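Q: coordinates for the following, if possible.
(2 chains)
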Amino acid sequence: MPVVTIEQVASHAGKEITLRGWLYNQRQSGKLLFPQFRDGTGVIQGVVSRKESPQVFETLAGLTQESSVEVTGVVRADERAPGGHELQVTGVTVIQKIPEETPYPIQLKEHGVDFLLENRHLWIRTPRQAAILRVRDQAIFAAREFMHQQGYVLTDSPIFTPSSCEGTTNLFEVDYIDERKAYLTQSGQLYVEATAAALGKVYCFGPAFRAERSKTRRHLTEFWMLEPEAAFARIDDMMLLAEGLITHMIQSTLERCPRELATLKRDTAKLAAVRPPFPRISYDEAIELLHRHGNPTSWGDDFGGDEETILSSEYDRPVIVHRYPTAIKAFYMQPDPERPELALGFDILAPEGYGEIVGGGERISNYELLMERLRQNELPEEPFRWYLDLRRFGSVPHAGFGLGVERTIAWITGAEHIREVIPFPRTIYRLYP
RNA sequence: UGGGGCGUGGUCCAAUCGGUAGGACACCGCACUGUUAAUGCGGAUGGUGGAGGUUCGAGUCCUCCCGCCCCAGCCA
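A: Now for the predicted structure:
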């Protein structure tokens, strides 16, 4: 008896097969039983007649939701079944029955956020959550595929770091060996600047940690970033790369996850519109645009949620905002030679209110200027010695960016909250499960 | 870190002015040969986040604590 997955059943129509999985739900109608099985690849409805298979009927009828089973049956195309195919069950082996006294806690009805997050380890079994995690897998796969195609080498950055990367946000401090302190990285960028000088075009992909007390739907304390860095690259090269990366993530998800996006009821027309070129506007132009919309932000201010919403709602695809005032950007940003008060940096704002998904730009390659910026930002010199070395030994212009994986996936899936798009979200007040 | 809000059976909610804490779902049983979060009837279980206060009487009012959510800030 071939063991197949539910996503493969269509190609076994008319044949007897075996499925391994869980009892997702069950309905009874007189002498007919409609168990629904899931195995991680999908859900299929079974049908059992009491008259024809009394033993199988009794076994399944006594089973509780999410009990684990191995079922055998004949695959039949049937329009009445969700998914178009159903399983005429001929045999069932119970692997574990959940006792009636302690039923499975997640119902197919509505639940509150707190309860679901407290039961995240079980919540991920529901079709919507499983679909999100599959889209996450596809989007990440596509991102790495694209980077590889573009000739970028994966050189991951360390998680333990001796100090802050940007010095602005709060870091998680951990005990290291022998009473030393280490910090969880908030960005791998500084390290890919080093590997870029070694390998040319590189990127890192990994978690980043921020001890900020951010409590919005766009923030996690632990999240994933993809950070490319390339020697000799300029700001325009990076805008082009980011545009290509985002487009590839979107288009290949559309192509390879149509079922998941349908489960999520995502409006795919909005995603299909995401093609290069993305609109590019300067910070100056963005300020003008805001003023035309009656927003009072004055030149020199950074943009908040309201401003991002106004800017991104002008376009049907992500918008790139470039050349922000140096004062509101990180210490390592290269000033624009034509207007030193501006930094050669850019952000990409996702449509539909998903906010900033990319931030990047050119880095300072001059030793003296970088030293000056470290002092201005009151950062210690010692932990950055190696970083300064990069400006002493064959310094070249270079640029890169960071892409927030969860924000991007929240946008692709249409998730209300970023915490739904990572298997086990970590937020300021939640460390369980 | 500021501002706002919410904690009631396992879950989702209701409870008028301070006056007997209730329903639905889940679970169990019965009925139903095409159900789609099935439906109908019946059953058992079980709760006001915690401490104190006001009151004849507190889910409801007051104080403190705990937990969580939303918005802003910071950022990806």
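Q: does RNA strand B have contacts with the longest strand anywhere in chain A?
A: Ordering each strand of chain A by length in residues (DSSP state E) puts strand A:16-29 first. Yes - using C-beta under 7 Å from any atom of the strand, strand A:16-29 reaches RNA strand B at A:25, A:27-29. In this view, the C-beta of every residue, glycine as well, is placed from N, C-alpha and C.
Q: can you mark which positions in stretch A:291-303 are buried?
A: Neighbour counts over stretch A:291-303 (16 or more other C-beta atoms under 10 Å) mark A:295, A:297, A:303 as buried.
Q: end to end, how far does stretch A:405-423 reach?
A: 13 Å (C-alpha to C-alpha, to the nearest Å).
Q: give me the mean pLDDT for it.
A: Taken as a whole, stretch A:405-423 has an average pLDDT of 93.
Q: near RNA strand B, which of the buried residues of stretch A:291-303 show up?
A: Applying C-beta under 7 Å from any atom of the strand to the buried residues of stretch A:291-303, none is adjacent to RNA strand B.
Q: any chance of those residues in TSV, with distance to A:Glu356, secondary structure and pLDDT too?
A: Below are the buried residues of stretch A:291-303 laid out as TSV (distance: C-beta to C-beta, whole Å; DSSP: H, G, I helix; E, B strand; the rest coil; pLDDT from 0 to 100):
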residue	distance to A:Glu356	secondary structure	pLDDT
A:Asn295	17	coil	85
A:Thr297	15	coil	86
A:Phe303	9	coil	89
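Q: so which of those residues is the closest to RNA strand B?
A: Nearest to RNA strand B among the buried residues of stretch A:291-303 is A:Phe303, at 7.7 Å by C-beta to the nearest atom of the strand.
Q: OK, contacts around that closest one?
A: A:286, A:297, A:311, A:321 (C-beta atoms under 8 Å, 6 or more residues apart in numbering).
Q: in strands, which of those fall?
A: A:Val321.
Q: point out the least confident one among the contacts of A:Phe303.
A: Pick the lowest pLDDT in the contacts of A:Phe303 and you get A:Thr297, at 86.
Q: related to what we said a few turns ago, touching RNA strand B at all, the helix or strand that the longest strand of chain A is followed by?
A: Per DSSP states H and E, the first helix or strand lying C-terminal to strand A:16-29 is strand A:32-38. Yes - judged by C-beta under 7 Å from any atom of the strand, strand A:32-38 comes into contact with RNA strand B at A:32, A:34.
Q: likewise for stretch A:227-240?
A: No - residues of stretch A:227-240 are not located near RNA strand B by C-beta under 7 Å from any atom of the strand, the shortest gap being 8.7 Å.
Q: and the residue of the stretch 251-400 of chain A closest to RNA strand B?
A: Closest point on the stretch 251-400 of chain A to RNA strand B, by C-beta to the nearest atom of the strand, is A:Gly304, at 2.1 Å.
Q: where in chain A is pLDDT low?
A: In the predicted model of chain A, residues A:164-169 satisfy pLDDT under 70.
Q: tell me the domain ranges of it?
A: With automatic domain parsing as the criterion, the domains of chain A are listed as A:6-96, A:121-421.
Q: and the shortest one, end to end?
A: The reference is to domain A:6-96. Note: domain A:6-96 ends 20 Å apart using C-alpha to C-alpha.
Q: before we move on, what about stretch A:76-83?
A: 11 Å.
Q: turn the residues of strand A:16-29 next to RNA strand B into TSV, including distance to A:Arg430.
A: Shown next, in TSV, are the residues of strand A:16-29 next to RNA strand B (distance: C-beta to C-beta, whole Å):
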residue	distance to A:Arg430
A:Asn25	28
A:Arg27	35
A:Gln28	38
A:Ser29	42
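Q: just the buried ones from the residues you listed?
A: Buried members of those, counted by 16+ other C-beta under 10 Å: none.
Q: between those, which is nearest A:Glu381?
A: A:Asn25 (62.3 Å; C-beta to C-beta).
Q: leaving out chain neighbours, which residue sits closest to that closest one?
A: Sequence neighbours aside, A:Gln36 is the residue nearest to A:Asn25 in space, at 4.5 Å (criterion: C-beta to C-beta, 6 or more residues apart in numbering).
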